[in-house]
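[1] Attaching a predicted model along with its sequence, questions to come.
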Amino acid sequence: AQSVTQLDSHVSVSEGTPVLLRCNYSSSYSPSLFWYVQHPNKGLQLLLKYTSAATLVKGINGFEAEFKKSETSFHLTKPSAHMSDAAEYFCVVAIAQGAQKLVFGQGTRLTINP
Amino acid sequence: DGGITQSPKYLFRKEGQNVTLSCEQNLNHDAMYWYRQDPGQGLRLIYYSQIVNDFQKGDIAEGYSVSREKKESFPLTVTSAQKNPTAFYLCAVRDRYNSPLHFGNGTRLTVT
């Protein structure tokens, strides 16, 4: 069955240090993958998407993610954390070719320490 | 997302009452979705619609109903049959297969 696993429920980093949020997926097809960010009491905002083009995907606010088929991973990174990055992050996979349904990870809460 | 409007932002109801959450979009996208979010959990799909006058149940449709009479609108009714209705409800739209979802800002429903 198709699924997505975010390996950390909570990540805490200091301002100015790198951020790594981990996501593994399971899919029978070449998947479409997305990362979203959610600030408190807000909707989800798209950070970046992978749809079988370049494996290194650049997104907004300095975030990027690398699709690694051999490791079935799509980890989100940022070289230097900013206080405004504190939020909940969701990894999402389209479960099949042409799928209308998407599968969400459980989310990773990112805390930034001053 | 400016093109998707959910209203109201906060909604309070007494147990046993039906309540309807509004979702309107001006992005001209065909597909619309309703998700439920509970604290510490990911999003769970309630209903989705790919075209006017057609919709499908998601993973947790029991106790909810929807309609899609216009392309721009996809209201969600939380009925008295929904056992735990208090949650954050998110509406989303999508223009084609494998494209990302675009979300509204959500409605927080509290039932007491």
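    Received it, and whenever you're ready, just let me know what you need. Numbers count the residues shown, from 1 in each chain, chains lettered A, B, ... in the order given.

[2] use CA for all of it now, contacts and neighbours both
    Fine.

[3] Is stretch A:88-95 in proximity to chain B?
    Yes. Stretch A:88-95 lies within reach of chain B by Cα under 8 Å from any Cα of the partner chain, at A:90, A:94.

[4] chain center to that stretch, what's the gap?
    6 Å (Cα atoms, centre = their mean, to the nearest Å).

[5] pLDDT of that stretch, averaged?
    For stretch A:88-95, the mean per-residue pLDDT is 90.

[6] what residues does it touch?
    Around stretch A:88-95, the neighbours that count as contacts under Cα atoms under 8 Å, 6 or more residues apart in numbering or on different chains are A:2-6, A:23, A:25, A:27-29, A:31-39, A:100-110, B:42, B:98.

[7] Select from those residues every entry located in helices.
    The members of these all map outside helices under DSSP state H.

[8] Doesn't residue A:93 belong to a helix?
    No. Under DSSP: H, G, I helix; E, B strand; the rest coil, residue A:93 falls outside any helix and is assigned strand.

[9] what about it, neighbour count?
    For residue A:93, the number of neighbouring residues by other Cα atoms under 10 Å in any protein chain shown comes to 28.

[10] Quick check on the contacts of stretch A:88-95: which are buried?
    Among the contacts of stretch A:88-95, the ones that count as buried by 16 or more other Cα atoms under 10 Å in any protein chain shown are A:3-6, A:23, A:25, A:27, A:31-38, A:100-110, B:42, B:98.

[11] any idea which element residue A:49 lies in?
    For residue A:49, the element it lies in under DSSP states H and E is strand A:44-50.

[12] Show me what residue A:34 bridges to in the sheet.
    Applying DSSP bridges to residue A:34 yields these beta-bridge partners: residue A:49, residue A:92.

[13] how near is it to residue A:85?
    For residue A:34, the distance to residue A:85 equals 17 Å [Cα to Cα, to the nearest Å].

[14] coming back round to it: so what's the gap between the strand holding residue A:49 and the chain middle?
    With Cα atoms, centre = their mean, you get 8 Å for strand A:44-50.

[15] Ok, stretch B:103-111 next?
    Distance of stretch B:103-111 from its chain centroid, counting by Cα atoms, centre = their mean, is 9 Å.

[16] And it, what's buried?
    Of all the residues in stretch B:103-111, those buried under the rule 16+ other Cα under 10 Å are B:103, B:104, B:105, B:106, B:107, B:108, B:109, B:110.

[17] ok, and of these, which contact chain A?
    Restricting these to those near chain A - Cα under 8 Å from any Cα - leaves B:103, B:104, B:105, B:106.

[18] from those residues, which is closest to residue B:21?
    Residue B:21 lies nearest to residue B:106 out of those, by Cα to Cα, at 9.6 Å.

[19] strands paired with the helix or strand of chain A with the lowest mean pLDDT, and their directions?
    Scoring the helices and strands of chain A by mean pLDDT, DSSP states H and E places strand A:102-104 at the bottom, with a mean of 89. Strand pairing for strand A:102-104, determined by DSSP bridges: strand A:87-94 (antiparallel).

[20] Residue 110: what's it in contact with?
    Went with chain A since none was named. Taking Cα under 8 Å, 6+ apart as the criterion, residue A:110 is in contact with A:10, A:11, A:12, A:13, A:85, A:86, A:87, A:88, A:89.

[21] that's the wrong chain, I wanted chain B
    Counted by Cα under 8 Å, 6+ apart, residue B:110 has contacts B:10, B:11, B:12, B:13, B:85, B:86, B:87.
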